[in-house]
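1. build the 3D model from these lines:
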Amino acid sequence: MNEYRQTAEAIIAAVGGKENIAAATHCATRLRMVLKDENKIDKAAIDTVPLAKGNFLTAGQFQIILGTGTVNKVTAELLDITGVKQVSTQEAKDLGAAKGNLLQRFVKTLSDIFVPIIPAIVAGGLLMGLNNVLTAHDLIIKGKTLIEAYPQWAGLAEMINTFANAPFVFLPILIAFSATRIFGGNPFLGAVLGMIMVHPDLTNNYALAKAIEEGTLQHWNILGYDIARVGYQGTVLPILVSSWILAKLETSLRRIIPASVDLLLTPLLAIFITALLTFTVVGPFTRDAGVAFTDAVQWLYNTAGVIGGAVLGALYAPVVITGMHNSFIPVETQLIADIAKTGGTFIFPIAAMNNISQGAAAFGALFSTKDAKLKGVASASGISAVLGITEPAMFGVNLRLRYPFYAALIGTACAAAYITLYHTKAVALGAAGIPGIISIGAQYLTPYIIGMAIAFAITFSLTLLFSRSRYNPERQTAPAAATSAPETQEPPRPLAGEGAGGEGKQTQTDPIPAEWVMPLTGDILAASDIPDPAFAAGALGASFAINPTDGTVRSPVNGQIATVFPTRHAIGIEADNGLEILIHFGIDTVKLDGAGFTALVKEGERVSAGQAILQVDLDAIRDKVPSLVTPIIFTAYDDGETVTIADGKPQITKA
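-> Numbers count the residues shown, from 1 in each chain. Below you'll find the predicted structure:
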């Protein structure tokens, strides 16, 4: 029996048998399964499978990292054994999403709506922070603001203030466009609805209380019924509900209106009916509900004080594991949009404390674990976590060893309690952790920085302490001392291409061929900066990444095309000296099923360094995938090796 079939059988047994597999597919590196009962997964058993390089459960799919080439063969064997029909990656994604409970599906929907508009909110919030620097008393000059000391900068402050307010004043347009698209409607009709809700003829929502107090609020009178002419600037809930109504109404109208007049009547009726419902029923009710919810969150934070901050800090990482942290995005958006009343969001600083703690835990594991490969993952993922991306550290190191995760919970709780004491808040969203400094209100910078120091110090110290306790699985199963004679010990595994005589092979000191050229034009990123936990943790091999500025992918070496994945988003190349390279264009691009990708070569074709091998339509795929960042992976180097770039050429360093 070949190793691929043995691997498939081991995986089938570990996931609860073939009866538990509802669907299966694979991408360039991962076997993806939708399981009927996820509680039957035996992750410990999968960890013992030699070809399995990692596994995780996400969005209703259980994914096992097998690596390029291997995943095709193992999947084929698994499908043959189980009789399960292979589905497309999009079908697997849809099946996985449908498996979640109502709350999980709700959170996923919120995430899908808000993630695309976060850059706009970040830009507005950071501009708001810059305005605060210019207008805050005692921040830089005692007793004065910067513009009071230097009046010539007053115009710049006013300009920045206008720029900063724009994304929040017109927030309903951004949300409506994104939400209507997710709900299945025409996003441009959604944008029109958003424009109606912030039309300048309406009383600005921020001035509503004053207008009511002064009796200047205007109304439309329709058949004796008064409808308040109030805008919805800076709101979230009203436009979410109205966008859902618009999308469902548009879909229903298209079913009953004849095609000959569909273009004329459907948009007209959908917009008119939805807008009428918005200003009469939906808007007033949901605005009051949104204000009440925001006030309740604020009250809980302000009333519970330090204890509340500690509880929120301790719970944040477990919430991230479930994916429920995406539900915080609308709450934070509303808090920032209503910054004049709320002062900003307190959730972001707590999330930042968690990032620092997860990074500190990974660094602690670096010094305490005896696993050489895990040391490499810990160092890279620790840096990634303190710079804003925690998944590699959390899933690749801390949860795996457990005791670093426990230390991180305690460290986050202590740091969150401290920053809560000073009511630390952010005026923008962005990368939590050290980069989050630019998102924090100017008056809160000192407690924020001290809070990060507390999180790091406590977590790092506790990780080292816990590593000596019974919580450390390495102490529970200490390896036996080696007793075999040197000549009977297994020789060290050679680096890829290293062999007898070394003729025509790469060496450990210089495995990269001399003709190397970068496969893409763009910014070079470290592996830890890849926005995907498996790639960032090096589970597929030593790697770096490129954030592309154009869509032409070129062969980096002279060699042969080893693999052209059916969806064309990934290509494997074997250099003449034996070096194996996988170019995986973008993150989660497998779901596009080849749309936007044109392969310029075939498997087995001879290529030269610099030759174009793949053309990607960046504009066509940019808004459909999480990121265009493209990992360049040296698949044979999976023992914790790292990649650095020197003079435009990668260098692989043995851990």
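2. rest of the way, CA atoms for contacts and neighbours
-> Fine.
3. can you give me the helices for the stretch 251-400 of the chain?
-> Secondary structure of the stretch 251-400 of the chain (DSSP state H, counting those that start in this stretch): helices at 259-277, 283-322, 328-337, 339-342, 347-368, 372-386, 391-393, 399-401.
4. same for the second one, what does it pack against?
-> Counting contacts by 3 or more C-alpha pairs under 8 Å, 6 or more residues apart in numbering; DSSP states H and E, the secondary-structure elements packed against helix 283-322 are helix 237-256, helix 328-337, helix 347-368, helix 403-421.
5. now render these as JSON lines, adding mean neighbour count and mean pLDDT.
-> Shown next, in JSON lines, are the helices and strands packed on helix 283-322 (neighbours: other C-alpha atoms under 10 Å; pLDDT from 0 to 100):
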{"stretch": "helix 237-256", "mean neighbour count": "20", "mean pLDDT": "91"}
{"stretch": "helix 328-337", "mean neighbour count": "22", "mean pLDDT": "72"}
{"stretch": "helix 347-368", "mean neighbour count": "30", "mean pLDDT": "91"}
{"stretch": "helix 403-421", "mean neighbour count": "27", "mean pLDDT": "93"}
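6. so which of those helices gets nearest Glu603?
-> Nearest to Glu603, of all the helices and strands packed on helix 283-322, is helix 347-368, at 39.9 Å by C-alpha to C-alpha.
7. what about that closest one, distance to the chain center?
-> Helix 347-368 sits 17 Å away from the centroid of its parent chain (C-alpha atoms, centre = their mean, to the nearest Å).
8. and the angle from that helix to helix 283-322?
-> Computed by axes from the mean of the first three to the mean of the last three C-alpha atoms, to 10 degrees, the angle separating helix 347-368 from helix 283-322 equals 0 degrees.
9. between the helices of the stretch 251-400 of the chain, which gets nearest to Lys43?
-> Proximity to Lys43 (C-alpha to C-alpha) singles out helix 399-401 among the helices of the stretch 251-400 of the chain, at 10.8 Å.
10. list the buried ones in that closest one?
-> Leu401 (16 or more other C-alpha atoms under 10 Å).
11. same deal with stretch 547-555?
-> Here stretch 547-555 shows Asn547, Pro548, Gly551, Thr552, Val553, Arg554, Ser555 as buried, counting by 16+ other C-alpha under 10 Å.
12. stretch 156-171 too?
-> Under the neighbour-count criterion of 16+ other C-alpha under 10 Å, stretch 156-171 has Ala157, Ile160, Asn161, Thr162, Phe163, Ala164, Asn165, Pro167, Phe168, Val169, Phe170, Leu171 buried.
13. next structured bit after the helix or strand where the third one lies?
-> Think Asn161. Asn161 belongs to helix 154-169 when assigned by DSSP states H and E. Tracing the chain past helix 154-169, the next element assigned as helix or strand by DSSP H and E is helix 171-182.
14. what angle do that next one and helix 154-169 make?
-> Using the same axes, to 10 degrees: helix 171-182 against helix 154-169 is 30 degrees.
15. how far does helix 171-182 sit from its chain's centre?
-> 20 Å.
16. using PDB, list the CA coordinates for the helix or strand that it is followed by.
-> Next helix or strand after helix 171-182 toward the C-terminus (DSSP H and E): helix 187-197. Provided in PDB are the C-alpha atoms of helix 187-197 (Å, rounded to 0.1, in the frame of the first residue of the first chain):
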ATOM      1  CA  PRO A 187     -24.800  47.200  -4.700                       C
ATOM      2  CA  PHE A 188     -25.200  50.400  -6.700                       C
ATOM      3  CA  LEU A 189     -28.900  50.500  -5.700                       C
ATOM      4  CA  GLY A 190     -27.600  50.100  -2.200                       C
ATOM      5  CA  ALA A 191     -25.300  53.100  -2.600                       C
ATOM      6  CA  VAL A 192     -28.300  55.100  -3.800                       C
ATOM      7  CA  LEU A 193     -30.200  54.100  -0.700                       C
ATOM      8  CA  GLY A 194     -27.300  55.200   1.400                       C
ATOM      9  CA  MET A 195     -27.100  58.600  -0.400                       C
ATOM     10  CA  ILE A 196     -30.800  59.100   0.300                       C
ATOM     11  CA  MET A 197     -30.200  58.500   4.000                       C
END
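17. tally of neighbours for the closest residue to Ile437 other than its chain neighbours?
-> Leaving out its chain neighbours, the residue that sits closest to Ile437 by C-alpha to C-alpha, 6 or more residues apart in numbering is Leu445, at 6.9 Å. The number of residues packed around Leu445, counting by other C-alpha atoms under 10 Å, is 17.
18. can you check the one 3 residues further on too?
-> Other residues near Tyr448 number 31, with proximity taken as other C-alpha under 10 Å.
19. out of the buried residues of stretch 156-171, who's nearest Thr630?
-> Out of the buried residues of stretch 156-171, the member with the shortest distance to Thr630 (by C-alpha to C-alpha) is Pro167, at 29.8 Å.
20. ok so, going back, nearest to Arg622, of the helices and strands packed on helix 283-322?
-> Closest among the helices and strands packed on helix 283-322, using C-alpha to C-alpha: helix 328-337, at 21.7 Å.
21. just the angle between the closest one and helix 154-169, please?
-> 140 degrees.
22. between helix 328-337 and helix 237-256, how many degrees?
-> Going by the same axes, to 10 degrees, helix 328-337 makes 120 degrees with helix 237-256.
23. name the helices or strands packed onto helix 328-337?
-> Using 3+ C-alpha pairs under 8 Å, 6+ apart, the elements in contact with helix 328-337 are helix 102-114, helix 283-322, helix 347-368.
24. what's the offset of it from the middle of its chain?
-> On C-alpha atoms, centre = their mean, the centre of helix 328-337 falls 18 Å from the chain's centre.
25. ok, now stretch 381-388?
-> Using C-alpha atoms, centre = their mean, the offset of stretch 381-388 from its chain centre is 13 Å.
26. offset the numbering so it begins at 780, please.
-> Sure thing, new numbering starts at 780, so read that last one as stretch 1160-1167.
27. mean confidence score for that stretch?
-> Average pLDDT, stretch 1160-1167: 80.
28. next one: stretch 1300-1312
-> Here the average pLDDT along stretch 1300-1312 is 85.
29. which other residues reach it?
-> With C-alpha atoms under 8 Å, 6 or more residues apart in numbering as the test, stretch 1300-1312 has contacts from 1159-1160, 1162-1163, 1168, 1170-1171, 1174-1175, 1314-1317, 1321-1329, 1366, 1406, 1408, 1410, 1422-1423.
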